[in-house]
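Engineer: Quick one, fold the following:
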Amino acid sequence: MDKYDVAIIGAGPAGMAAAAQASDLGLSTAVLDEQIRAGGQIYRDVDKAAPQRGEILGKDYTDGTRLTKALRQSAVDHIAGAVVWAIEDEFRISYTCEGRGAQILADRILLATGALERPMPIPGWTLPGVMTAGAGQILLKQSGVVARGAVLVGSGPLLYLIAAQMVRAGLPPAAMIETQVRGDTFRALRHLGGAIRGWPYMAKGLKMLAEIKRAKVPRYTGATEISIEGDGKTEAVTFTHKGRRQRIDCETVFLHHGVVPNAQAARSLGVSHGWDAAQSAFVPELDEWGQSDVAGVFIAGDGAGIGGAKVAEHTGRLTVLKIAENAKRLSTQDRNRMAAPLRRALARELAVRPFLDAAYPPYSAALQPTDSTVVCRCEEVTAGSIRGYAKIGCLGPNQTKAFGRAGMGPCQGRYCGLTVTALLADANGQSPDETGYYRIRAPLKPVTLGELAAMNETTQDATE
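Structural biologist: All right, here's what the predicted structure looks like:
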């Protein structure tokens, strides 16, 4: 069984930057990633898509080729198509790849698992034709497919990005139904200094808005009472705007109201998490180098708190500097010298984040869905059921598994976890920290008996 100085889970911007840095510092390194090609969600399939659709997807996307090239030129073992389903004591990592199970060992682990789109459970969100904005981007990046006449619903910069990309592709969205209100903008003004320091980010946003306006895409801000209607498939979005009920016929809806750290792997290792009110999500408790309270476990990128691609890249490199120091490959003096420019760049990139978090909060009606709205899609558990569990003594998400199987489906609570926490916290008059989250155990992702059997065969072959 191969053993490495460091194993990196995820080949997005944080994982790729960290891997190349680790290789340069002489650390034996493995990168395990579910995708066949490196890039993560932000730079998904960038090496293939950049030459074909670079003008549509934009320079921020094509910039990812710089990281994929560095990864290819390094001495890193990039295990592509690897689905990690367990990380055990002494960092034995179990994964499946090409239908076979396999394992590696590592002295240290760097989790670069990125973010998940925040679930947006509104009436009708489980209908065919409804997907996340990120899923819409996957279609565009990997296949060059753009949904005709799609309606974008929610809030946040990603909605503007995908709308602008659809405009460039010649198939602009039918409408944008946005949930942020004027009061959110006023509250964000207290962070105006940071927005000014992060002016390049703001300038990109204004440019995208100008593209959307020139394409005459209708925008409805401050929308409430949003629901998706249809008989067996999506047929329309209805909502209230400025006191009037509106209906837009469509076959495709992209939902988005922010992203949250993908914490499943970190939680399975026992890493402590705390509630971040600004991002309305749990984030791991880390030191300035990305080191967790579990010895040998480090976290970088959006999995450590939402910051975006550049922040992920910088934190990936910073974290590896600490790992290299721990492994006696780098002195403390050299670590600090190499970290100084990364910290300055990180501060510039993070300056705008408080403004964005305040200006584009999650849609409140999706944080506290109506009783009839499904919140756990895997097990078809409604918000009303969760509230009902609270009335008869359910205090936390783990108990909901016994009350009604919420969080026990194939996603292992990835997409319902925050909603279940919010519902129970509200019903029981507790904070999210007091209410807690699901206890995550292996397997993190589904694994078949055939894959386990193949892993045993591989082990036997190696010992013969």
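Engineer: Identify the bridge partners of the spatially most central residue of the chain.
Structural biologist: For the chain, the residue nearest the mean C-alpha position is A115 (1.5 Å; CA atoms, centre = their mean). Per DSSP bridges, the residues bridged to A115 are P261.
Engineer: which residues touch it?
Structural biologist: Listed by CB atoms under 8 Å, 6 or more residues apart in numbering, the contact set of A115 reads Q41, V259, V260, P261, N262, D302, G303, I306. The way it works is simple: take the backbone N, C-alpha and C, and place the C-beta from them, glycine included.
Engineer: cool, and T448?
Structural biologist: T96.
Engineer: For it, give me the pLDDT.
Structural biologist: Per-residue pLDDT puts T448 at 90.
Engineer: what's the distance between it and E379?
Structural biologist: According to CB to CB, to the nearest Å, T448 stands 20 Å off from E379.
Engineer: Which residue is the nearest non-sequential neighbour of L209?
Structural biologist: Leaving aside its chain neighbours, L209 sits nearest to Y160 (6.2 Å; criterion: CB to CB, 6 or more residues apart in numbering).
Engineer: Dihedrals phi and psi, the one you found?
Structural biologist: phi -70, psi -40 (degrees, to the nearest 10).
Engineer: isn't it right up against L206?
Structural biologist: No: here Y160 does not reach L206: they are 9.7 Å apart, not a contact under CB atoms under 8 Å.
Engineer: so what are the domain limits for the protein?
Structural biologist: Here the domain assignment for the chain is 3-116+260-330, 119-257, 368-430, based on automatic domain parsing.
Engineer: Tell me which of the contacts of A115 has the lowest pLDDT.
Structural biologist: For the contacts of A115, the least confident entry is Q41, with 93.
Engineer: That one contacts A133, correct?
Structural biologist: No: using CB under 8 Å, Q41 makes no contact with A133, being 11.3 Å away.
Engineer: circling back to that earlier point, tell me the spacing between the residue nearest to the centre of the chain and D276.
Structural biologist: Distance from A115 to D276, counting by CB to CB: 13 Å.
Engineer: Quick check: mean pLDDT of stretch 184-204?
Structural biologist: Summarised as a single mean, pLDDT over stretch 184-204 is 92.
Engineer: C-alpha coordinates for that stretch, PDB please?
Structural biologist: Listed next in PDB are the C-alpha coordinates belonging to stretch 184-204 (Å, rounded to 0.1, in the frame of the first residue of the first chain):
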ATOM      1  CA  ASP A 184     -29.600  44.200   2.500                       C
ATOM      2  CA  THR A 185     -27.700  46.700   0.400                       C
ATOM      3  CA  PHE A 186     -28.000  49.300   3.100                       C
ATOM      4  CA  ARG A 187     -26.700  46.800   5.700                       C
ATOM      5  CA  ALA A 188     -23.800  46.000   3.400                       C
ATOM      6  CA  LEU A 189     -22.700  49.600   3.200                       C
ATOM      7  CA  ARG A 190     -21.000  49.300   6.600                       C
ATOM      8  CA  HIS A 191     -18.600  47.100   4.800                       C
ATOM      9  CA  LEU A 192     -18.000  49.500   2.000                       C
ATOM     10  CA  GLY A 193     -14.400  50.000   2.900                       C
ATOM     11  CA  GLY A 194     -13.700  46.300   2.200                       C
ATOM     12  CA  ALA A 195     -15.700  46.500  -1.000                       C
ATOM     13  CA  ILE A 196     -13.500  49.400  -2.200                       C
ATOM     14  CA  ARG A 197     -10.300  47.500  -1.300                       C
ATOM     15  CA  GLY A 198     -11.800  44.600  -3.300                       C
ATOM     16  CA  TRP A 199     -12.600  46.900  -6.200                       C
ATOM     17  CA  PRO A 200     -11.500  44.500  -9.000                       C
ATOM     18  CA  TYR A 201     -14.200  42.000  -7.800                       C
ATOM     19  CA  MET A 202     -16.800  44.700  -7.700                       C
ATOM     20  CA  ALA A 203     -15.800  45.900 -11.100                       C
ATOM     21  CA  LYS A 204     -16.300  42.400 -12.500                       C
END
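Engineer: Next, the buried residues of it.
Structural biologist: Neighbour-count burial for stretch 184-204 flags D184, A188, H191, G194, A195, R197, G198, Y201, K204 (criterion: 16 or more other CB atoms under 10 Å).
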